[in-house]
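Visitor: kindly return the folded structure for what I paste below:
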Amino acid sequence: MKIPSLDRSRRIREYNGRSFEEVAEIVGQWLFRDDVGHREMDRDILGLDPSISKGWQSMGVLHYLGLKKEFKGLFLGLSREAGIELLATDDQDFRFIIELLNTSSENYQETLIAQLAAAGEKNDPNFKKNYEYSLSELRATDRHSVSAYGRVEQGLLRALLFGGKSQAQCALCHKELPTDLLVTAHIKPRSKCSTSERINPNVVMPVCKLGCDDFFEKGYVVVDMEGFVRITGTKQLSADLHLALADLEGKVCSHFGPSTKEFFSYKLRAVK
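Guide: Numbers count the residues shown, from 1 in each chain. Below is the predicted model of the structure:
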């Protein structure tokens, strides 16, 4: 089978507006079906009114990835595994497309968890014990809406980040706190992370529940490319909130470094 040439667009807006799972579903349908178009994917995957979106959102995602009309239904009738094998043996670099296609496999969550566990066990002989401790903390504090897989993933990330410690330092405010008052905050939002990023322990940092978690997640503060915490200036602040944020302004993020810089850069661009 002749694989068409990738033809990537520079326009990234539609791609950036979608989660990794949404992008994966769009790519999967485009490559393995010939009975759906951009309008149908806008409606069925993105929940948009196609009479308004006109299919431009899913089309923008595909064009950014280089999957234009020549790729539609390319693997019709083939299994997901067979399509991935063809992409893997092509001269072009389809590694990210393959990563997207693997997301929709039936055992995706199990594979993700196994890879996280393997990363922990490789570097920490007490990882299993630390993981059980992390799970016990989560059971005592997390919400009922957290899925079973989500709780396991969080437990593994906490074990990777905290080890067996009962106390740790918040990366933003530097307060030394019990670990049950700290969260493993994704520097780059998890919904935007690829599989390889989700299993990278450097994608999370310890952040306290005393305010820093919400301040960072909701974009009130960011970490600049020198590693300093900065108030974003993109939101209206009450006097009390400004006072709370001013205490963080200029602090050095203890989790900033070469292995995390790109994740902080993504967050910085997203907030701006």
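
Visitor: any weak-confidence spans in the stretch 101-250 of the chain?
Guide: Applying pLDDT under 70 to the stretch 101-250 of the chain picks out residues 141-146.

Visitor: redo that, cut-off 90
Guide: By pLDDT under 90, the weakly predicted segments of the stretch 101-250 of the chain are 103-111, 119, 122-124, 133-151, 163-164, 233-237.

Visitor: show me where it has its strands.
Guide: Secondary structure of the stretch 101-250 of the chain (DSSP state E, counting those that start in this stretch): strands at 167-169, 176-178, 182-186, 204-208, 221-223, 229-231.

Visitor: neighbouring strands - and their directions - for the fifth one?
Guide: Neighbouring strands of strand 221-223 in its sheet, by DSSP bridges, are strand 229-231 (antiparallel).

Visitor: please name the residues that touch Asn102.
Guide: Counting by CB atoms under 8 Å, 6 or more residues apart in numbering, Asn102 touches 84, 108, 111, 195. Heads up, the C-betas are built off the backbone N, CA and C, glycines and all.

Visitor: let me have the strands of the stretch 101-250 of the chain in CSV, extended by mean neighbour count.
Guide: Shown next, in CSV, are these (neighbours: other CB atoms under 10 Å):
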stretch, mean neighbour count
strand 167-169, 16
strand 176-178, 12
strand 182-186, 24
strand 204-208, 24
strand 221-223, 24
strand 229-231, 20
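
Visitor: output the ones you listed in a markdown table, with distance to Arg10 appended to each entry.
Guide: Rendered in a markdown table, the data for the strands of the stretch 101-250 of the chain read as follows (distance: least, CB to CB, whole Å):
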| stretch | distance to Arg10 |
| --- | --- |
| strand 167-169 | 41 |
| strand 176-178 | 44 |
| strand 182-186 | 27 |
| strand 204-208 | 30 |
| strand 221-223 | 25 |
| strand 229-231 | 28 |
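
Visitor: do you know which of these lies nearest Arg13?
Guide: strand 221-223 (20.3 Å; CB to CB).

Visitor: show me how far the closest one is from its chain's centre.
Guide: 18 Å (CA atoms, centre = their mean, to the nearest Å).
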